[in-house]
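# below are the sequence and a predicted model; questions follow.
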Amino acid sequence: MQKFSKILLVEDNPRDRELTLTALEGNNLVNEIITLRDGEEALDYLYRRNGFSGREGGNPTVILLDIKMPKLDGIEVLRQLKNDPQLKLIPVVMLTSSREEKDLVDAYQLGVNAYVVKPVDFQEFVDAVKNVGLFWAIINETAI
Amino acid sequence: MFKNFKTLYNETESRSRGDFYSFIFVMLMLTTLFVVSFYTQITALIKSDSEKFWLYAFVMLASLISLAIVSALFLHMRNNLKKLSASESEVKKSEKRLSLIVETAKVGLIDWDLVENKIYFSPILKKMLGYQESELESSYDKWIELIHPHSRTHVQNFISNLLKKDSGHDSFEHRILHKDGMYRWMLIHALVVKNGNNKPARLTIACIDVTEQRNAHNILVKTKEYAENIIDTIKESLIVIDGNYVVLSANRSFYSRFNLKKETVEKKSFTEILNGVFNVPNLITNLNRVIPSNHHIEDFRLEIEQSVFDKKILQLSARKIYSLSSHSDTILITIHDATENEYARRSLIEYAKEIEDLYDNAPAGYHSLDADGTFIRINNTELKLLGYKREEVLGIIKFQDLLTEESKKIFADSFPLFKSRGYANDVEFDVVKKNGTVLPVILNATAVKDNDGSLLMSRSTMFDNTERKNLFEQFEFMNDTLLKKSEQLEMINNELEAFTYSVSHDLRAPLRHIFGFVELMQKSSSGKLDEKSERYLSIIADSAKDMGKLIDDLLNLSRVSRTSLNKSTIDMNTIVEKVFSEIKSGSDSQKLQLDIHSLPIVTADPSLLNIVWMNLISNAVKYSSKKENPKIEIGYAEGGNEGQIFFIKDNGAGFDEKYKNKLFGVFQRLHSSVEFEGVGIGLATVKRIVSRHQGKVWAEGKPGEGAVFYFSLPN
């Protein structure tokens, strides 16, 4: 058993990915972060298909999901996850640049567990990520 | 013959009876004389001696002589008596005759013996006065008493005059009391009989009851009066002329109608009166025939003009009547003044014409259809619309015949409905004109029904619907255009939404990256860079942060416009205090003096109103923050038509009123960002929210003294 579970980060923008990873790493919370570039990859990973049919390990403790992504966007991924009885228990945190109410409402209606608007201020972002990551990591740990 | 014979017999009988009485009388006389003389002789013989024989003989002789004388006298008398008896019988005879006449003629008699002053009332007279034969005392006083007090003196005078006069008879009418208490009119005819001295000896008065005649006369007089009254009261003018057109009489109406006097009319020629207005050949020809042919003139029309202002229309009727007074045929002419009637008739005709004209030339087609749809009336306007003549339509064409195939179907559906409902509103048809062109029309109709409720006819208006149809088409076209425009607008709106969405994502992302990596760089190069480079890095970071704020504000503004209003009842005080406490917690406002009045409950979108107050209060706080004693007042006033007006007043930097137009524009600032931070979107957002509530925003201010911002919310 790992001390810290793995986090699945789905983010298409490499800069955001880097910043997010930096923020997460800086907190020393996770020993494994799997980064994926879009929604399709995320679903492939979770359903172990295409390039991920032979992947190791179980499901991530938490999924950090960007909304605006090519191919399949975050909201769509969320919908599929929450419709799957096996996957819907995995906590999903939406990481997004958008303050658009529609996205927020959609996400909560689909059963998102947390919603983080990425602030311009990096430190604020780091704090937000830290809070989310810590929270879910701990909850998950104790729950299992 | 028989009567004569009987009379003769009676006379003979009465004469022989008279002779017999005379004989008996003479015989009795003689016998008496004999008895007396014989008795005397015997008495003398016994009492006296023979000496007295001579006396006896003398007496005897004297007796004989006296007997002879008496006999001779008797015979003479008897002859005289015979004569007398004959004349008496004559009188009796005539008396009998008289009484017969008197009885049959119901003539009462008063016979007055003036010499003896004895009066006799005949039984008939008594009967005439209601008495039995035995009842009424025959006396002069009684007679006078019965006479009506008014007549009494006249009667007395009449009698005394009669007695003085030479001629022996006269008549007189008077009233006398009947036993039943009513007075009767009596005609008396009196006859005076004079004696040898030429003095009145006897007065015979014959009385005849003339009450009934008298009454009949009265009735006649009354009837005449009555007729005259009628003639004088009736409005018709009447005039009677004789065969030579001489006016015999005219009634009051005639005189007053023509303002004429009796003397200028009567005995004048009918053809000459009133300056000869009646001297119209045609009328005269007709009048000529009235008497000889018993011709009737009925309502002969005559227009006369007595003056310019007095025109009359007369209707004359005439017929023959027999005049009792002149014992000849006359002509009665009645004149009826038909002037008013005529004028009424003319104005009625005029009115009818006007209505007809209105119907015919109204700016709408009118027609009436019978139960089958056949035209029974149509006006000129509609005929012109359809291009038909009236005679081609009425009773010939059915309305449905004029319709296009399409419209025929509409008519087939709507006509029965019209018949049952009684009206039809704005039904559109396409009619085919006579020249074959199609005319769109619009029909309105009401039904005229009989007592059983079945349709007698329709009353319809028809309008040329071309223009309306064109307008409708235009309207539809415009509607389509509008719909397309609104679709375009919606598309643009959607694009705008997509744009803001991408702005919020894509514009913020690079900023975030700049900011994030600058910060990472600051951390990693901490102490390695010179002061200048560090300052540059922090400027880059601040700029990125400002831009982030700018983008967030813009997004808020666009969100305010796009989200729908969710109005509810909210307490303004609660919202203001909540907003104020939020602001207070994030700023240094220890010395701020705040005065919030009592605010009303309003109906508005709470989250949007929250943004309004957030902007206004934060502005007030911001612009008064540099004052020694910053003061903010929030209040409310009833604004009449404007609704509820709220204001927020500060004693801060204020503004120059000549720039107040710029206050509520996007990115418009009256102060530099060095002076007061900000990007100029807050008041634009306020304006947009208030506008969405149909309210208004405005402001007053003076540089350095403060500003008041107002916004209104309609009731």
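Right, received. Where do you want to start? Numbers count the residues shown, from 1 in each chain, chains lettered A, B, ... in the order given.
# what about chain A, any weak spots by pLDDT?
A:1-5, A:26-31, A:98-100, A:133-144 (pLDDT under 70).
# residue ranges for the strands of it, please.
Using DSSP state E, the strands assigned to chain A run over residues A:6-10, A:32-36, A:62-66, A:92-96, A:114-117.
# same for the first one, what does it pack against?
By that I understand strand A:6-10. Counting contacts by 3 or more C-beta pairs under 8 Å, 6 or more residues apart in numbering or on different chains; DSSP states H and E, strand A:6-10 is packed against helix A:14-26, strand A:32-36, helix A:39-46, strand A:62-66. Heads up, the C-betas are built off the backbone N, CA and C, glycines and all.
# please redo it, this time with the cut-off set to 6 Å
strand A:32-36, strand A:62-66 (3 or more C-beta pairs under 6 Å, 6 or more residues apart in numbering or on different chains; DSSP states H and E).
# please enumerate residues in contact with it?
Under the criterion C-beta atoms under 6 Å, 6 or more residues apart in numbering or on different chains, residues A:30, A:32-36, A:42, A:60, A:62-65 lie in contact with strand A:6-10.
# against chain B, how distant is the residue nearest to residue A:35 when sequence neighbours are not counted?
Leaving aside its sequence neighbours, residue A:35 sits nearest to residue A:9 (C-beta to C-beta, 6 or more residues apart in numbering or on different chains; 4.8 Å). Using C-beta to the nearest C-beta, to the nearest Å, residue A:9 is found at 15 Å from chain B.
# count of neighbours near residue A:9?
26 (other C-beta atoms under 10 Å in any protein chain shown).
# quickly list what it is bridged to.
Beta-bridge pairing of residue A:9 under DSSP bridges involves residue A:35, residue A:64.
# any idea of the mean pLDDT for stretch B:704-715?
In this model, stretch B:704-715 carries a mean pLDDT of 90.
# okay, it in PDB with CA atoms only?
Extracted C-alpha coordinates of stretch B:704-715, given in PDB (Å, rounded to 0.1, in the frame of the first residue of the first chain):
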ATOM      1  CA  GLY B 704     -13.100  68.100  -3.900                       C
ATOM      2  CA  GLU B 705     -16.500  68.300  -2.200                       C
ATOM      3  CA  GLY B 706     -18.100  65.000  -2.900                       C
ATOM      4  CA  ALA B 707     -20.700  63.300  -5.100                       C
ATOM      5  CA  VAL B 708     -24.200  62.000  -5.000                       C
ATOM      6  CA  PHE B 709     -25.200  59.000  -7.000                       C
ATOM      7  CA  TYR B 710     -28.900  58.300  -7.600                       C
ATOM      8  CA  PHE B 711     -30.700  55.300  -9.100                       C
ATOM      9  CA  SER B 712     -34.400  54.700  -9.400                       C
ATOM     10  CA  LEU B 713     -36.500  51.600  -9.400                       C
ATOM     11  CA  PRO B 714     -39.900  51.900 -10.900                       C
ATOM     12  CA  ASN B 715     -42.900  50.800  -8.800                       C
END
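# give me the buried positions along it.
For stretch B:704-715, burial by neighbour count (16 or more other C-beta atoms under 10 Å in any protein chain shown) applies to B:706-713.
# contacts for that stretch?
B:602, B:616, B:639, B:642-652, B:654-655, B:690, B:693-701.
# selecting buried members of those in PyMOL, what would you type?
Typed into PyMOL, the next command selects the buried ones out of the contacts of stretch B:704-715 (criterion: 16+ other C-beta under 10 Å):
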select buried, chain B and resi 602+616+639+642+643+644+645+646+647+648+649+650+651+652+654+655+690+693+695+696+697+699+701
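# now, the contacts of stretch B:704-715 that are in helices?
When those are checked against helices (DSSP state H), the matches are B:616, B:690.
# which of the contacts of stretch B:704-715 fall in strands?
Per DSSP E, the subset of the contacts of stretch B:704-715 in strands is B:602, B:644-650, B:697-701.
# which one of the residues you listed sits closest to chain A?
If you rank the ones in strands among the contacts of stretch B:704-715 by distance to chain A using C-beta to the nearest C-beta, residue B:602 comes first, at 23.9 Å.
# shouldn't residue B:388 be in contact with residue B:434?
Yes: the criterion here is C-beta atoms under 6 Å, and residue B:388 meets it with residue B:434 at 5.2 Å.
# more crowded one of the two?
residue B:388 (19 against 13).
# and the strands of chain A as a markdown table, adding distance to residue B:365?
Shown next, in a markdown table, are the strands of chain A (distance: least, C-beta to C-beta, whole Å):
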| stretch | distance to residue B:365 |
| --- | --- |
| strand A:6-10 | 77 |
| strand A:32-36 | 81 |
| strand A:62-66 | 74 |
| strand A:92-96 | 71 |
| strand A:114-117 | 72 |
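# how much space between whatever residue of chain A ends up closest to chain B and residue B:514?
The minimum distance from chain A to chain B, using C-beta to the nearest C-beta, falls at residue A:120 (3.4 Å). Using C-beta to C-beta, to the nearest Å, we find residue A:120 at a distance of 9 Å from residue B:514.
# those two: which has the busier surroundings?
Of the pair residue A:120 and residue B:514, residue A:120 is the one with more neighbours under other C-beta under 10 Å, namely 24 against 20.
# these two touch, right, the more buried one and residue B:515?
Yes: counting by C-beta under 6 Å, residue B:515 is a contact partner of residue A:120 at 5.0 Å.
# biggest strand in chain B by residues?
Scanning chain B for the strand with the most residues, using DSSP E, yields strand B:310-323.
# now for it, which elements pack on it?
Judged by 3+ C-beta pairs under 6 Å, 6+ apart, strand B:310-323 is in contact with helix B:290-293, strand B:297-307, strand B:328-337, helix B:339-361.
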